[in-house]
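>>> need a 3D model of the sequence below.
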Amino acid sequence: MNKLLYLLFSFKGRITRPQYFGGFLLQVLLMTVIPLVGFAIIGVDVVGLINELAWNVNQYGMEIIPDIIGDLFTWYGGMMFILALNSLMTIWIGLAIEVKRWHDMNIFGGLVILTRLLMLVPIIQLPVAIVVTFILLFVPGTRGPNNYGDDPASRTYYAPAPQPSMTDRQAMANEPSSPPVVRQSAASPVVQQPTAVDPYIHALKMRLVNGEITREEYDRIKAQMEGLS
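Sure, this is the predicted structure:
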């Protein structure tokens, strides 16, 4: 639930292309389904209130008209308020997911203001919308940490380290023992060469320091990454 709220409402951090696509689809659903349902309910209820108005006028005279009209506007106003809130929420979601997608490409999220302003110009509205949507859906983000946070793609589940088969274990058991390791003297220390997973381990450690993951999760994921290197 927290991940969904972060995806839809937070302006911080980064999201991947699939995450943006999921948020984009949800935004489209909110912009279409809820208004259609709302206006359908309003239409049905308005017809019912009109029939009720005609029946009450026939029974009680014209004095009942103000009460019926008041009920009509109360219900209609409530539904319009809900639809207005839905519109504000879809706008917020659209801005939030676009900002985080720009962040993923190491681009200042304030670019969303420029894109929205350009979309207000009728003559270039459609081309700008197509280009921006294409970039957000298909241009990959920067690999590894950038100015806006860790690589969201690295937060996916890592494949478990491959386990040796029974044949491999038997072969290793039959191998002769390796010669003793000669310790290096203090005068010639062994310089550890950096590996491809070092940036990801560093980013993982920062998540541990920031309290985003537990020590057990850190040790487990670190062991998996070292096993893949």
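>>> quick check, Leu208 in contact with Tyr218.
Yes: at 4.4 Å, Leu208 and Tyr218 qualify as touching, with contact defined as C-beta atoms under 8 Å. Yep, even glycine has a C-beta here, placed from its N, CA and C like the rest.
>>> does anything pack onto the helix or strand Ile201 falls within? Which helices or strands?
According to DSSP states H and E, Ile201 maps onto helix 198-209. Judged by 3 or more C-beta pairs under 8 Å, 6 or more residues apart in numbering; DSSP states H and E, helix 198-209 is in contact with helix 215-228.
>>> give the buried residues for the helix it packs on.
218, 221-222, 225 (16 or more other C-beta atoms under 10 Å).
>>> go through the residues you listed and name the one nearest Ile15.
When those are compared for distance to Ile15 (C-beta to C-beta), Ile221 wins out at 19.6 Å.
>>> and the closest one, what pLDDT?
According to the prediction, Ile221 has pLDDT 80.
>>> by mean pLDDT, flag the weakest helix or strand of the protein.
The least trusted helix or strand in the chain, going by mean pLDDT, DSSP states H and E, turns out to be helix 166-174, with a mean of 57.
>>> and the helices in this structure, which stretches?
If DSSP state H is used as the criterion, the helices of the chain fall at 2-9, 17-60, 65-104, 111-118, 125-138, 166-174, 198-209, 215-228.
>>> circling back: now the helix holding Ile201 and helix 215-228, what's the angle there?
Note on geometry: by axes from the mean of the first three to the mean of the last three C-alpha atoms, to 10 degrees, helix 198-209 and helix 215-228 are set 170 degrees apart in direction.
>>> mind giving me the domain ranges of the chain?
Domain ranges of the chain: 11-138, 195-229, per automatic domain parsing.
>>> lowest average pLDDT across these?
Among those, domain 195-229 carries the lowest mean pLDDT, a mean of 76.
>>> look up how far Val28 lies from Pro140.
Per C-beta to C-beta, to the nearest Å, Pro140 is found 23 Å from Val28.
>>> tally of neighbours for His103?
When neighbours are defined as other C-beta atoms under 10 Å, His103 has 23 of them.
>>> list the contacts for it?
Each residue near His103 by C-beta atoms under 8 Å, 6 or more residues apart in numbering is listed here: 13-14, 109, 146, 148-149.
>>> just the buried subset of those, please.
By neighbour count, with 16+ other C-beta under 10 Å, those hold 14, 109, 146, 148-149 as buried.
>>> between those, which is nearest Ile135?
Closest approach to Ile135 among those (C-beta to C-beta): Gly109, at 13.7 Å.
>>> return the distance of the nearest residue to that closest one once chain neighbours are set aside relative to Leu120.
Distance criterion C-beta to C-beta, 6 or more residues apart in numbering; nearest residue to Gly109, sequence neighbours excluded, is Val99 at 3.5 Å. Distance, Val99 to Leu120, using C-beta to C-beta: 18 Å.
>>> neighbour count for those two, which is higher?
Val99 (24 against 9).
>>> quick check: the residue nearest to Gly109 vs Pro145, distance?
18 Å.
>>> circling back: reformat the contacts of His103 as JSON lines; add distance to Glu212.
Compiled in JSON lines, those are given as follows (distance: C-beta to C-beta, whole Å):
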{"residue": "Gly13", "distance to Glu212": "11"}
{"residue": "Arg14", "distance to Glu212": "14"}
{"residue": "Gly109", "distance to Glu212": "20"}
{"residue": "Asn146", "distance to Glu212": "17"}
{"residue": "Tyr148", "distance to Glu212": "15"}
{"residue": "Gly149", "distance to Glu212": "10"}
